[in-house]
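J.: Got a sequence here, can you build the structure:
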Amino acid sequence: MSRARQPPLVTGISPNEGIAWTKVTIRGENLGTGPTDLLGLTICGHNCLLTAEWMSASKIVCRVGQAKNDKGDIIVTTKSGGKGTSTVSFKLLKPEKIGILDQSAVWVDEMNYYDMRTDRNKGIPPLSLRPANPLGIEIDKGRFPQKDLESLFPGMSADFTSENFSAAWYLIENHSTTSFDQLKTAVVNLKKQANKKNEGSLAYVKGGLSTFFEAQDALSAIHQKLEADGTEKVEGSMTQKLENVLNRASNTADTLFQEVLGRKDKADSTRNALNVLQRFKFLFNLPLNIERNIQKGDYDVVINDYEKAKSLFGKTEVQVFKKYYAEVETRIEALRELLLDKLLETPSTLHDQKRYIRYLSDLHAPGDPAWQCIGAQHQWILQLMHNCKESYVKEQKGSALLHSPMLDLDSDVRPSAIGHLSQTASLKRGSSFQSGRDDAWRYKAPQQVVFVEKLTKLVVSQLPNFWKLWVSYVNGSLFSETAEKSGQMERSKKNARQRQNDFKKMIQEVMHSLVKLIRGALLPFSLREGELRQYGGWEMKSELSGQWLTHVIQTVRLSSESLTALEIPNDMLQIIQDLILDLRVRCIIVTLQHTAEDIKRLAEKEDWVVDNEGLTSLPSQFEQCIIRSLQSLKTVLDCKPGEASVFQQQKTQEDVCQLSIGIMQGFIDCLEQLSTKPDGDIDTSHLSVDVSSPDLFGSIHEESSLSSEQRLLIALSNCRYLERHTFLNIAEHFEKHGFQGVDKITQVSMESLKELDQRLFEMYIEFKADPIVGSLEPGIYAGYFDWKDCLIPTGVRNYLKEALVNIIAVHAEVFTISKDLVPRVMSRVVEAVSEELSRLMQCVSSFSKNGALQAKLEICALRDTVAIYLTPESKSSFKQALEALPQLSSGTDRKLLEELLNKFKSSMHLQLTCFQASSSAMMKT
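T.: Numbering: from 1, shown residues only. Sure thing, here's the model as predicted:
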């Protein structure tokens with residue numbers, strides 16, 4: 001590790017006192033490693049860096065500026081060592097001024113001062129030198145308004161050189177707070193100045209007195225000679241002789257000193273040339289220095305040197321200076337072109353762009369480089385977006401095998417979000433519909449999803465710098481102080497105000513391209529044909545699932561939030577909100593469509609395992625499928641700040657309502673399909689039932705296969721549960737997630753479910769009641785039985801017992817599947833039997849006494865046995881049957897009827913207990 005350099009230390013200055021613009025030599029230690037390392041130089045608090053000439057690390061030459069302090073330190077500041085210290089000080093002397101009317105025995109030179117702009121010494125004529133403080137005491141400017149003083153002293157002036165000088169005005173303006181003692185001192189100073197002026201005139205006369213006498217004697221002698229010789233210029237006269245003598249003396253002097261003077265002139269010319277080269281070596285070396293600094297990238301040094309050369313030699317009339325300055329301009333023009341190329345080069349960081357714009361501004365480059373950079377950046381972003389699309393489309397079409405669309409850790413998208421989404425999707429779908437495939441399930445991200453991730457990341461990463469560049473362009477922070485002083489910043493701000501609409505169009509074009517590229521990948525039907533050719537081109541083998549659309553929506557939302565954070569106006573981002581709304585609507589539609597397809601496949605998953613309530617897992621699977629579907633849509637349905645509800649459009653409400661109804665109807669069709677399939681199409685090898693009573697009547701066969709009647713009963717039980725629980729729960733979930741038209745969905749679904757329930761019920765009653773009803777008439781008249789001629793009844797005949805046994809078998813089958821269905825089924829079976837029995841009795845033309853007793857015995861036995869399942873219709877049928885019989889007149893017949901009924905009930909007690917059990921269960925329900 002290299003040691004840090006020590007701070008500069010000034011140990012000597014020569015001379016150590018002098019007036020302003022005196023050239024001094026500073027000596028010390030660690031005074032910098034080179035001219036570029038020198039950052040600051042102050043003497044008595046005045047910045048002397050512009051006149052500083054770095055000679056070595058121990059020597060610097062500069063000129064002292066006009067400082068406020070009379071005495072102060074010499075402070076050197078360098079890049080390598082920082083701010084230094086000084087062990088010596090410099091005393092600034094005030095120059096003694098000569099008034100315009102003051103006499104002097106010597107010639108008074110104009111006072112030199114140093115022009116920092118041109119790096120030249122200029123003279124101030126003596127007429128412009130006036131005493132700044134005639135009183136010789138400290139000036140304290142008062143706070144009196146100038147207007148008040150002008151009104152107080154009309155026509156007067158505080159300028160002591162003016163003809164209308166007012167002493168009172170001068171004292172009020174400059175010495176309003178001066179004490180009386182100080183004013184006394186000022187009077188003494190004025191007296192001293194007056195005495196000094198008088199003494200100066202007398203001293204002048206005394207000092208030149210001998211010279212005056214000698215000049216007077218010489219002039220008198222010449223005058224006498226001329227008077228004696230005459231004043232005419234004639235041959236031989238004194239005047240002619242004097243002229244000849246002077247001419248010979250001049251020629252002799254020229255001959256003697258010609259060679260010496262020639263060598264002197266040549267030496268002076270050489271010396272002057274060397275002085276010019278030394279004095280203006282900055283200009284002569286500048287082209288080469290510019291070339292070197294450009295190669296090193298020290299553009300700041302080049303610009304500073306160019307500004308210095310321009311201020312010194314920009315308007316020079318010296319030909320050699322013109323020539324070299326023209327060479328400097330040529331190099332600077334090449335630098336402008338180089339910087340402009342670097343500025344427009346992409347990709348580039350915002351820092352570099354600002355730096356190059358500032359350089360071009362300081363170099364007074366033509367045009368508006370900042371706006372050119374903004375335009376180039378805009379075109380580059382658009383090109384990046386289209387290149388991104390083209391690369392993914394090409395990859396999808398021809399390079400799918402070379403690059404897997406799996407989202408892995410080295411992708412440019414968010415692997416954690418994708419991984420979570422894949423895991424969630426696998427869990428949601430695989431748990432119910434992909435059992436046995438969970439281990440092999442791997443979700444691959446579609447190419448369109450990866451593209452949207454890449455595209456949005458590209459825009460979010462590039463647009464902030466683009467926006468910040470514009471903001472800097474508007475507020476003028478791109479330009480340096482030099483540009484601000486030259487008025488270039490104000491011109492730039494004016495240009496920015498005029499180009500606001502152009503920049504707004506640029507942002508809108510980027511937003512439109514982003515949205516249309518996403519639409520081309522995910523919603524191609526929303527683009528026009530011409531737009532589809534430009535922004536589309538994807539192979540739509542299958543539409544994205546709702547899970548992937550949900551992920552895309554989240555991606556676009558995050559991008560929108562990032563752009564909003566840049567304080568981009570909302571009207572420019574509204575098109576993204578419209579895209580999000582369309583994606584949300586499409587996600588809901590696709591999710592519901594896929595849910596409808598999954599519901600249709602539920603028939604394949606029916607295991608016919610019946611629980612204690614006579615239900616299979618199908619209703620629960622149906623409800624869970626819809627709940628999972630709605631939960632997957634929760635983030636889609638929720639409105640983020642600035643987003644509208646997905647149901648704000650009437651068409652969306654209607655489409656979602658129809659799809660929801662279609663999902664419910666699809667499950668109802670699934671139930672119907674399962675219950676009406678032929679026996680051979682149903683796999684019931686895994687049938688399992690949970691019964692609460694022994695299977696006495698063989699309703700479930702030994703091979704554990706389901707009959708069509710049993711499937712009907714299970715379907716009826718499921719329908720009953722759907723109507724009372726499932727559909728209502730689903731309606732609550734629809735309302736919870738903000739669905740519109742839930743009442744319509746529920747109403748239509750309920751009506752369709754009730755229609756299916758009624759069809760299945762009628763089908764089951766037809767299967768069970770028709771054989772029983774059909775067996776009554778053959779059983780009644782078996783053995784050529786005749787109501788007109790029959791024996792005294794000894795009991796209920798077998799046909800009725802067989803009918804009761806068949807009814808009990810139906811009861812047992814229904815009870816095994818679902819206890820809740822027993823009353824409904826048994827009531828309809830009893831209605832059918834009673835109606836048929838009533839018809840048969842009414843068809844008998846006449847009864848004998850024994851025949852009437854036998855008929856009444858059988859009718860009452862059947863009626864009393866199924867009394868708990870009697871309905872108004874069945875009661876009416878039994879009543880009509882009994883009314884068709886002759887009345888029993890004797891008490892003996894009635895007693896016999898009662899005995900025979902009791903005997904029947906006693907003999908059939910075991911068989912009839914099922915009705916009692918059903919009764920207690922029915923009462924509980």
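
J.: Gln854: neighbour count?
T.: When neighbours are defined as other C-beta atoms under 10 Å, Gln854 has 26 of them. Backbone N, C-alpha and C define where each C-beta goes, glycine included.

J.: what about it, is that helix, strand or coil?
T.: Using DSSP: H, G, I helix; E, B strand; the rest coil, the secondary structure recorded for Gln854 is helix.

J.: what's stretch 646-660 in contact with?
T.: Contacts of stretch 646-660 from elsewhere in the structure, counted by C-beta atoms under 8 Å, 6 or more residues apart in numbering, are 581, 584-585, 588-589, 592-593, 596, 636-637, 734, 738-741, 744-745.

J.: again, but for stretch 45-53
T.: 38-42, 60-69, 72, 114, 116, 119.

J.: related to what we said a few turns ago, select only the buried ones of the contacts of stretch 646-660 in PyMOL?
T.: Selection of buried members from the contacts of stretch 646-660 for PyMOL, criterion 16 or more other C-beta atoms under 10 Å:
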select buried, resi 581+584+585+588+589+592+593+596+636+637+734+739+740+741+745
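
J.: Can you tell me which of the contacts of stretch 646-660 end up in strands?
T.: Within the contacts of stretch 646-660, membership in strands is found for no residue, as judged by DSSP state E.

J.: and the helix or strand encompassing Glu755, what does it pack onto?
T.: According to DSSP states H and E, Glu755 maps onto helix 742-780. If contacts are counted by 3 or more C-beta pairs under 8 Å, 6 or more residues apart in numbering; DSSP states H and E, helix 742-780 sits against helix 650-676, helix 708-721, helix 727-736, helix 798-817, helix 822-843.

J.: tell me the angle the first one makes with helix 742-780.
T.: Angle between the axes of helix 650-676 and helix 742-780 is 20 degrees (criterion: axes from the mean of the first three to the mean of the last three C-alpha atoms, to 10 degrees).

J.: For helix 650-676, the averaged confidence score.
T.: The predicted model gives helix 650-676 an average pLDDT of 86.

J.: buried stuff in it?
T.: Applying a neighbour-count criterion of 16+ other C-beta under 10 Å, the buried positions in helix 650-676 are 652, 656-672, 674-675.

J.: And for stretch 8-27?
T.: For stretch 8-27, the neighbour count (16+ other C-beta under 10 Å) marks 8-10, 13, 18, 20-22, 24, 26-27 as buried.

J.: between the residues you listed, which is closest to Phe213?
T.: Phe213 lies nearest to Gly18 out of the buried residues of stretch 8-27, by C-beta to C-beta, at 39.7 Å.

J.: For Val88, see how far away the closest one is.
T.: Spatial separation of Gly18 from Val88 under the definition C-beta to C-beta, to the nearest Å is 14 Å.

J.: With secondary structure and pLDDT added, can I get the buried residues of stretch 8-27 in TSV?
T.: As requested, the buried residues of stretch 8-27 are arranged in TSV below (DSSP: H, G, I helix; E, B strand; the rest coil; pLDDT from 0 to 100):
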residue	secondary structure	pLDDT
Pro8	coil	94
Leu9	strand	94
Val10	strand	94
Ile13	strand	93
Gly18	strand	87
Ala20	coil	85
Trp21	coil	84
Thr22	coil	88
Val24	strand	93
Ile26	strand	94
Arg27	strand	94
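
J.: can I get those in JSON lines with distance to Thr871?
T.: Conversion of the buried residues of stretch 8-27 to JSON lines gives the following (distance: C-beta to C-beta, whole Å):
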{"residue": "Pro8", "distance to Thr871": "117"}
{"residue": "Leu9", "distance to Thr871": "120"}
{"residue": "Val10", "distance to Thr871": "122"}
{"residue": "Ile13", "distance to Thr871": "128"}
{"residue": "Gly18", "distance to Thr871": "132"}
{"residue": "Ala20", "distance to Thr871": "127"}
{"residue": "Trp21", "distance to Thr871": "128"}
{"residue": "Thr22", "distance to Thr871": "131"}
{"residue": "Val24", "distance to Thr871": "128"}
{"residue": "Ile26", "distance to Thr871": "125"}
{"residue": "Arg27", "distance to Thr871": "128"}
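
J.: can you give me the helices for the stretch 301-450 of the chain?
T.: 319-344, 350-362, 369-398, 415-433, 447-475 (DSSP state H, counting those that start in this stretch).

J.: Adding mean pLDDT and distance to Val796, write those out as CSV.
T.: Compiled in CSV, the helices of the stretch 301-450 of the chain are given as follows (pLDDT from 0 to 100; distance: least, C-beta to C-beta, whole Å):
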stretch, mean pLDDT, distance to Val796
helix 319-344, 86, 110
helix 350-362, 84, 104
helix 369-398, 84, 81
helix 415-433, 36, 54
helix 447-475, 85, 77
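
J.: Looking at these, spot the one closest to Ile626.
T.: In terms of C-beta to C-beta, the element of the helices of the stretch 301-450 of the chain nearest to Ile626 is helix 415-433, at 11.5 Å.

J.: quick one: low-confidence ranges for the stretch 51-200 of the chain?
T.: Within the stretch 51-200 of the chain, the set of residues satisfying pLDDT under 70 comprises 95-132, 142-143, 160-161, 163, 196-200.

J.: Can you report how many residues neighbour Gln710?
T.: As a measure of burial, Gln710 has 24 neighbours, counting by other C-beta under 10 Å.

J.: Relative to Trp467, how far out is the residue lying closest to Phe815 once chain neighbours are set aside?
T.: For Phe815, the nearest residue in space outside its immediate sequence neighbours is Val822; the separation is 5.5 Å by C-beta to C-beta, 6 or more residues apart in numbering. Per C-beta to C-beta, Val822 is found 75 Å from Trp467.

J.: Helices of the stretch 501-650 of the chain, residue ranges please.
T.: Secondary structure of the stretch 501-650 of the chain by DSSP H, counting those that start in this stretch: the helices cover 529-535, 546-564, 570-600, 618-632, 634-637, 650-676.

J.: can you put these in JSON lines and add distance to Thr816?
T.: Below are the helices of the stretch 501-650 of the chain laid out as JSON lines (distance: least, C-beta to C-beta, whole Å):
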{"stretch": "helix 529-535", "distance to Thr816": "61"}
{"stretch": "helix 546-564", "distance to Thr816": "41"}
{"stretch": "helix 570-600", "distance to Thr816": "28"}
{"stretch": "helix 618-632", "distance to Thr816": "18"}
{"stretch": "helix 634-637", "distance to Thr816": "42"}
{"stretch": "helix 650-676", "distance to Thr816": "17"}
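
J.: can you state the direction angle for the longest helix belonging to the chain and helix 319-344?
T.: Secondary structure assigned by DSSP state H gives helix 238-279 as the longest helix of the chain. Compare the direction of helix 238-279 with that of helix 319-344 by the same axes, to 10 degrees and you get 20 degrees.

J.: Which secondary structure elements does helix 238-279 sit against?
T.: helix 209-229.

J.: tell me what the helix it packs on is packed against?
T.: Under the contact rule (3+ C-beta pairs under 8 Å, 6+ apart), helix 209-229 is packed against helix 238-279.

J.: any idea how far Phe257 is from the residue nearest the centre of the chain?
T.: To find the centre residue of the chain, average its C-alpha atoms and take the closest one (C-alpha atoms, centre = their mean): that gives Ser562, at 1.5 Å. With distances taken as C-beta to C-beta, Ser562 is found 89 Å from Phe257.

J.: And for Leu896?
T.: When distances are taken as C-beta to C-beta, Leu896 and Phe257 turn out to be 188 Å apart.

J.: Between the two, which has more neighbouring residues?
T.: When neighbours are counted by other C-beta under 10 Å, Leu896 and Phe257 differ, and Leu896 comes out ahead with 17 against 11.

J.: Pull the contacting residues for that one.
T.: By C-beta under 8 Å, 6+ apart, Leu896 lies in contact with 792-793, 853.

J.: between the helix or strand harbouring it and helix 798-817, how many degrees?
T.: With elements delineated by DSSP H and E, Leu896 resides in helix 891-907, which encompasses its position. An angle of 40 degrees separates the directions of helix 891-907 and helix 798-817 when computed by the same axes, to 10 degrees.

J.: these two touch, right, Leu712 and Tyr764?
T.: Yes - under the criterion of C-beta atoms under 8 Å, Leu712 is in contact with Tyr764, at a separation of 4.3 Å.
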